[in-house]
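Chemist: Provide a 3D model corresponding to the input given below.
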Amino acid sequence: MLRAAILSVVIAGVTADVYMHNPRGSNNRLNEQSANRNNGNRAFDSQNNNRGGYNKGDIDDTAAQNDWTQQYSMMYYQSGSTAEEASTMQIEWTNQHGCGGNEEGDPHKLNCDIIIQYMAVPVVAERGITNTDDTVTEYDYLDVSATQLFRPDEDGVDKTAVQGTEEPSHECFGPNPTNPTCDAADPASGKKGCFAWTGIVNSVACSRIGGVWKDSVAAGGMWDIFNTPSATASTAERRRLRDGTTTNRQQFTVGTATSTMTASGTRKTGDVDDDEVLHESWEWYDQCYRKERNRGLFTADQNLRNNNFGYSSAIYTRQNPNNNRRGYECPEERDYYPYWHPTPWRDVAVLTDHLERCEFYQTESQNVREKNVCRNTEACPNCNRYNNEAQCLANNGRWATVGSWNSPPPECIQAPWSRVNQLGNGRYGQANSYNWTLPHFGYDSMDMKIVVRLRYNISTDDYDGTRVNNSFNNNNGQGIKSPVRQNPAVDIGAVHTAMRLAINTAQFGRTFQDRSHVLTLKARPQSQTKRVLPSPTAATSTDEPDPTVRPDFFDGSKIFNINVRGKRGNIVQTFPSVEYDFMPNDLNVSSSDIIHFQWTGSNTHNNGNPAGDGQAGDAGEGTRGTDRHNVVQLLSRNSDDFGGSFPATWQQNTMMTGVTDATSPEIKVRMMDAGESLASQQQRWAIRMATAGYYTGYNSTSTAIRPTGRYMTRGPVGNIETGQISVLLNNAPASYPGSLAKYSPGTYYYMCTRNHNFSNRDQKGVLKVSV
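Modeler: Residues are numbered from 1 along each chain as shown. Have a look, this model is predicted:
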């Protein structure tokens, strides 16, 4: 199995970068005020320039700093169970060294795959808290507590050594049609293995997502037999999948080759900090450190080192021969696709210039294929080092079968064309993108936290990547010369004259990547309920009636997401990131489709020094370093409206009066609109979108001088805003969960007032709605 994977794909390249613009790629940034990121090793190996990337969003007009509850996570609704209920996110990126074309009729200078994946952890949906006086504090994204956002007994938890707070050897498995009780895989009977949900550590949380709480060994899972329940460490109640509040990297202590579960728990407790980013788990990197690397791989003339146990493990690759650790990422899994062992990543799409590889990519994806890994036993407490079945069983290890993700194979299509040596648009003048149909997990009351990963894998034709393996590795003792060698001197045909080539064989096969900050995928509502905690100290929450929830609004409708890309600054200051624009900025939908406007921004996008090899600065309107956005309709485009660059008044507005139905992700806003006429809601949504949620309503019956007294804030229904919004949105929230709305047929042009600079930039979009 290993050899087939090796020979069928090359992850290779030269110096290049890739930056994801929607959803916003972090490039290992968090909240830096500088143009350069603070720590390129923070979470993952991007191989990118220190410039580029976007900060984590803030919920309001102040920087979150060390308070994770003040960070904003973009929120998208999942797809429904049918194609008619698809929810679409447009993923956009730029890659430096080109991609696309095809080897048959449109060859490029290089070979390229763009691989889009995500990691998911379950969380309980938004919650309110029932106070001692039996009143309910409704969930409000601008006013949240750690209790509302994280419940260890319900949400994905980063455990220490034990797999659960109940029966430490148990895990939460996701059943599949061939194995509803999640027994061990049995190929003879067609019974497939089940995957284990990351971070679900008790039976209550497991049951909420329809999982099977079961002994890991009995299910063929990842638990090590020799680690009995009496040999466990305590469980820390840390959040699983988090962006952190510092730019420090998590720590890692090696330990011994036969580390017990207690010892491992002690190491992890000392290594992992709650204020640091966590994508892959500590256990994932610990296993990577102990697992032998695939010695069938082509490593050219690179000398890969050994770990502390005396053998070369999966932390060493041709691209990473010295183990420069980035977060808890496993270098071998990062550099090769599809990976031959279980991974925490689920595949979305492969965009390639070699379409003949698609069948291989799709059949080897863990979306559809079980993967295997060697686990420890009492007879072999360090068998997790073996990477193949023969060695595993010969040493009395357990060759565990980990189930597929039980989801469709990744879409495999032609990679979009982009020019070599330019971080710019594609062949037709638009940035390259992919429309992702968001998954349907099938758990009605469970949301998912996810991180999106985009990998950019490139190679040259200087050697045949489909043929090379370890037999081509440079070996002077055996007279084997690698087809590519480090900085070779080549004969140019003259006596005693040679010219040196600039070749770094560690980078001649190369993988780049960018990742989003943590996002939330919300389940479409199936009933009129909300989740409430009986008290702030309650272990679990309960469902209570909520007549403002609109399952009928979502039924049978597609959702199209309109976001905002870019950050503050001009084109030179933001590069290799981009300036502001709506994403997508040109969308065609039908009147039955739902449009979800939403954006996020930072209060620390100052792009200051150090700025690396680029220009510092944050040109733009309003308070320095701040991202702000809104949506207002443009006047119709004709000679009488100044060229379509001025917003329409309410009397001229057809976009918001064209709303036929609307709802909000926020409980408070839904409560405000309950019982209101459609005309009243249309006017309220115009105010909300124009002020980025600063005002939540409009009192059309008030005779007060506007705006004071007529615009409502997000207190109890009827509470009146006494302040006034800044004309440049300075005191508006940096992020806004926005509106979900259906529109009557028509063409609607819209803009952002603050970022529409008449001299050199605009932020406009068009929504075309058919019957």
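Chemist: Sketch out the low-pLDDT regions of the stretch 151-300 of the chain for me.
Modeler: 160-168, 223-236 (pLDDT under 70).
Chemist: rerun that using 80 as the cut-off
Modeler: By pLDDT under 80, the low-scoring segments of the stretch 151-300 of the chain are 159-169, 201, 222-237, 260-262.
Chemist: Surely residue 490 touches residue 499?
Modeler: Yes: judged on CB atoms under 8 Å, residue 490 makes contact with residue 499 at a distance of 5.8 Å. Just so you know, the C-beta spots here come from the backbone N, C-alpha and C atoms, and that holds for glycine as well.
Chemist: Look at residue 47 and say how many residues are nearby.
Modeler: Look at residue 47: counted by other CB atoms under 10 Å, it has 22 neighbours.
Chemist: And for residue 491?
Modeler: Residues near residue 491, counting by other CB under 10 Å, number 10.
Chemist: If you drop the residues flanking it in sequence, what lies closest to it?
Modeler: residue 498 (5.7 Å; CB to CB, 6 or more residues apart in numbering).
Chemist: Quick one: residues contacting the one you found.
Modeler: Counting by CB atoms under 8 Å, 6 or more residues apart in numbering, residue 498 touches 489, 490, 491, 492.
Chemist: Just give me the closest of those to residue 676.
Modeler: residue 490 (76.5 Å; CB to CB).
Chemist: Can you tell me which of the contacts of residue 498 end up in strands?
Modeler: If you go by DSSP state E, those have 489, 490, 491 in strands.
Chemist: Just give me the least confident of those.
Modeler: On pLDDT alone, residue 491 ranks lowest of the ones in strands among the contacts of residue 498, at 83.
Chemist: where along the chain do the helices fall?
Modeler: According to DSSP state H, the chain carries its helices in the segments 2-8, 146-149, 203-208, 261-271, 282-290, 331-335, 358-364, 389-394, 551-554, 571-574, 667-673, 678-690.
Chemist: Please work out which of those is packed deepest.
Modeler: Highest mean neighbour count among these (mean count of other CB atoms under 10 Å): helix 331-335, with a mean of 23.
Chemist: which other residues reach that helix?
Modeler: The contact list for helix 331-335, computed with CB under 8 Å, 6+ apart, reads 11, 44-45, 288, 293-294, 314-320, 323, 339, 341, 343, 345, 455, 509, 511, 513.
Chemist: and residue 512, what does it touch?
Modeler: Contacts of residue 512 by CB under 8 Å, 6+ apart are 13, 16, 17, 18, 46, 47, 48, 95, 455, 456, 457, 458.
Chemist: do that again at 7 Å, thanks
Modeler: Shown in contact with residue 512 (CB atoms under 7 Å, 6 or more residues apart in numbering): 16, 17, 18, 46, 47, 48, 456.
Chemist: gap between it and residue 583?
Modeler: For residue 512, the distance to residue 583 equals 21 Å [CB to CB, to the nearest Å].
Chemist: Look up how far residue 452 lies from the closest residue to residue 324 other than its chain neighbours.
Modeler: Counting by CB to CB, 6+ apart, residue 324 lies nearest to residue 41, which is 7.0 Å off, once chain neighbours are set aside. As judged by CB to CB, residue 41 and residue 452 stand 20 Å apart.
Chemist: Which one of those two is surrounded by more residues?
Modeler: Counted by other CB under 10 Å, residue 41 and residue 452 do not tie: residue 452 has more neighbours, with 23 against 16.
Chemist: The more buried one against residue 118, yeah?
Modeler: Yes: at 5.0 Å, residue 452 counts as touching residue 118 under the criterion of CB atoms under 7 Å.
Chemist: Name the nearest residue to residue 19, ignoring sequence neighbours.
Modeler: Nearest residue to residue 19 in three dimensions, chain neighbours excluded: residue 52, at 4.9 Å (CB to CB, 6+ apart).
Chemist: With distance to residue 150 as extra columns, can I get the contacts of residue 498 in CSV?
Modeler: Formatted as CSV, those follow (distance: CB to CB, whole Å):
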residue, distance to residue 150
489, 59
490, 59
491, 64
492, 64
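Chemist: and residue 371, what does it touch?
Modeler: So residue 371 contacts 341, 342, 402 (CB under 7 Å, 6+ apart).
Chemist: Go again with 8 Å.
Modeler: Taking CB under 8 Å, 6+ apart as the test, what residue 371 contacts is 339, 340, 341, 342, 343, 401, 402, 404.
Chemist: Inside strands: which ones of those residues?
Modeler: Within these, residues falling in strands by DSSP E are 401, 402.
Chemist: Scan the contacts of residue 371 and report the most crowded one.
Modeler: Among the contacts of residue 371, residue 342 has more neighbours than the rest - 24 neighbours, counting by other CB under 10 Å.
Chemist: In this structure that residue contacts residue 375, no?
Modeler: No: using CB under 8 Å, residue 342 makes no contact with residue 375, being 11.1 Å away.
Chemist: Tell me how far the closest residue to residue 280 other than its chain neighbours lies from residue 53.
Modeler: Once flanking residues are discounted, residue 280 sits nearest to residue 328: 4.1 Å by CB to CB, 6+ apart. Separation of residue 328 from residue 53 (CB to CB) stands at 19 Å.
Chemist: When the two are compared, which one has more neighbours?
Modeler: Higher neighbour count among residue 328 and residue 53: residue 53, with 28 against 23, using other CB under 10 Å.
Chemist: residues contacting that one?
Modeler: 19, 25, 26, 27, 28, 29, 37, 514, 577.
Chemist: which one of these sits closest to residue 380?
Modeler: Closest to residue 380 out of the contacts of residue 53 is residue 28 (37.7 Å), distances taken as CB to CB.
Chemist: Can you get me a residue count around that closest one?
Modeler: Residues within reach of residue 28, counting by other CB under 10 Å, total 27.
Chemist: pretty sure it contacts residue 47?
Modeler: No: counting by CB under 8 Å, residue 28 does not reach residue 47; the two are 10.9 Å apart.
Chemist: so what's the backbone phi/psi at the residue nearest to residue 102 when sequence neighbours are not counted?
Modeler: Excluding the flanking residues, the one nearest residue 102 by CB to CB, 6+ apart is residue 353, at 5.3 Å. Per-residue torsions, residue 353: phi -100, psi 0 (degrees, to the nearest 10).
Chemist: Quick check: pLDDT value at residue 353.
Modeler: Residue 353 carries a pLDDT value of 90.
Chemist: Likewise for the one 4 residues further on?
Modeler: At residue 357, the pLDDT value in this model is 93.
Chemist: and it, how far is that from residue 120?
Modeler: 26 Å.
Chemist: Comparing these two, which residue is more hemmed in?
Modeler: residue 120 (22 against 16).
Chemist: what's near enough to touch the more buried one?
Modeler: Taking CB under 8 Å, 6+ apart, we find residue 120 in contact with 198, 346, 439, 441, 448, 449, 450, 521.
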